[in-house]
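[1] When you get a sec, could you give me coordinates for this:
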Amino acid sequence: MGDLAYYSNEYDGARIAAPLAGSGRPVVLLTGSYDYSASPANTRQLHDAVNSDNVTFNEMPELGHFADSPQAPWRLKIMSDVPVFEVYAIQYATSTRPTADYFVGSDPHDGQSPINYYVWLIRSDDRIILIDTGFNAERAKQRGRNFLRCPTEGLRSLGIAPEDIDTVIVTHLHYDHAGNLDLFPNARFVLQDEEMRFATGRYMRHELMRAPFELSDVLRMVTSNFEGRVDFVNGDAELCPGVGLHHVPGHSLGLQSVTVNSKRGRLCLASDAAHFFDNIRLGNPFKVTTHVGDTLEGHDRVLKLAGSTDRLIPGHDPQVSEIYPEHPDDSLILVLS
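    This next block holds a predicted model:
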C-alpha cells in the first residue's frame with residue numbers, strides 16, 4: 001500500500017481502513033515528521049479510523065520527504081549544498097477584462113477584473129536566469145493591454161543588463177511569455193519538446209488554437225533552434241542544482257512550471273498552470289486551455305510541487321502584488337523570497 005495510497009487522487013482513508021482493521025495482522029503506520037503528502041495528522045486520522053488494537057501509529061522525528069517546513073532538520077542538511085536563489089516577479093503590463101474571461105463557464109455578467117503580466121528573475125551567486133520574456137509595446141497595443149514598460153527595464157533596476165542573462169526558461173510560447181526573445185543575445189532558451197511540436201504542428205491551422213500565439217515569436221524560437229541556442233526538455237528535469245522544470249500540460253500542451261530553492265524553501269513558479277489563486281481554489285481553469293482535465297490536474301500538480309499555497313506563485317494574479325513586498329528601488333518588482 002505504502003506511499004502510493006497517499007499520492008493517488010483516489011486515496012480514500014475510509015476504504016483503506018476497513019481491510020486494515022479486519023486483517024488480524026499487526027500493522028504499523030509510519031510517517032516522517034516533515035512529510036506533507038502523508039503528514040502525521042493524515043496518518044493519525046487513518047489510525048483513528050481503523051480503531052483496532054492490531055494497528056499502531058509511529059511518527060518518525062526529523063524524517064520526511066517533500067518537506068512541509070523549510071526548517072526541517074533533514075532538509076537543512078540535504079539542502080545545505082544547493083544554491084539559494086533570489087526570486088523576483090517583474091510586472092511589465094496589466095489589463096482589466098471581463099471576469100468571465102478568466103474561468104471556464106463563468107457568468108458573463110460577473111463584471112470586470114484585473115490581470116497582471118509578469119516575468120520572473122532568479123539569481124544565485126553564479127547564475128542569472130530569466131523565466132519568460134513578456135511582450136513589447138506594439139504587441140500590447142494590438143492585444144489591448146496596458147503596457148507599463150519593457151521587462152528589461154525591471155532587470156536594470158536589479159543591476160542586470162539583458163546581455164547578462166545566460167539562460168531564459170520559456171514556460172510556453174504564448175505571446176505574453178515568449179516575445180522579446182531577440183533582446184537576450186547571450187541567452188540559451190529552455191523549452192519543452194512538446195511545446196515546440198505544438199506551436200509548429202497541425203493544430204496551428206485552427207484559428208482558435210493559434211490565437212494565444214504570435215507567428216513572429218514562434219519563428220524567432222525556430223530561428224534560435226537553427227542557431228543552436230535552444231535546450232529542449234522532455235518532461236521533468238533539473239536545470240541546475242536548485243532549479244527544477246516540470247511539464248504541466250493543459251493551458252498549453254508543452255507548458256512547464258519552475259521550482260526554485262529559495263531562503264523560504266522551495267517555491268513553485270506556476271506560470272500559466274494556474275493564472276490565479278482562484279483557479280485552484282474554485283477548481284475552475286482559466287478559459288484559454290487546450291484540455292480542461294489536464295489543466296485541473298495541473299492545479300493539483302503545482303500545489304503539490306509548492307507544498308503549500310504560500311510557496312505557490314500563480315502566473316497572472318494581482319494578489320501576488322498584494323502579498324509580496326515591493327523592491328525598494330522599483331515598485332513594479334516583487335520580492336518573492
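[2] ranges for the strands of the stretch 51-200 of the chain?
    Assigned by DSSP state E, counting those that start in this stretch, the strands in the stretch 51-200 of the chain fall at 55-60, 86-98, 112-123, 128-131, 146-147, 167-169, 188-192.
[3] Which other helices and strands does the first one contact?
    The contact analysis (3 or more Cβ pairs under 8 Å, 6 or more residues apart in numbering; DSSP states H and E) places strand 55-60 against strand 27-32, helix 40-50. Quick note: C-beta positions are derived from backbone N, CA and C, even for glycine.
[4] remind me, longest helix of this protein?
    As assigned by DSSP state H, the longest helix anywhere in the chain is helix 292-306.
[5] In the sheet, which strands lie alongside the helix or strand following that one, parallel or antiparallel?
    Tracing the chain past helix 292-306, the next element assigned as helix or strand by DSSP states H and E is strand 312-314. Sheet partners assigned to strand 312-314 using DSSP bridges are listed as strand 265-271 (parallel).
[6] Look at the spatially closest residue to R266 that is not a sequence neighbour and say how many residues are nearby.
    Sequence neighbours aside, T259 is the residue nearest to R266 in space, at 5.4 Å (criterion: Cβ to Cβ, 6 or more residues apart in numbering). For T259, the tally of surrounding residues (other Cβ atoms under 10 Å) stands at 23.
[7] do A41 as well
    9.
[8] and it, what does it touch?
    A41 sits next to no residue when contact means Cβ atoms under 8 Å, 6 or more residues apart in numbering.
[9] quick one: secondary structure of G244?
    strand (DSSP: H, G, I helix; E, B strand; the rest coil).
[10] Okay, domains of this structure per the record?
    4-77, 82-335 (automatic domain parsing).
[11] In terms of mean pLDDT, which of the ones you listed ranks lowest?
    With a mean of 64, domain 4-77 has the lowest mean pLDDT of the domains of the chain.
[12] For N225, which residues are in contact?
    For N225, the contact set (Cβ under 8 Å, 6+ apart) comprises M196.
[13] can the strands of the stretch 51-200 of the chain go into CSV with extra columns for distance to I323 and mean neighbour count?
    Below are the strands of the stretch 51-200 of the chain laid out as CSV (distance: least, Cβ to Cβ, whole Å; neighbours: other Cβ atoms under 10 Å):
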stretch, distance to I323, mean neighbour count
strand 55-60, 32, 15
strand 86-98, 10, 20
strand 112-123, 12, 21
strand 128-131, 18, 24
strand 146-147, 21, 16
strand 167-169, 23, 23
strand 188-192, 27, 22
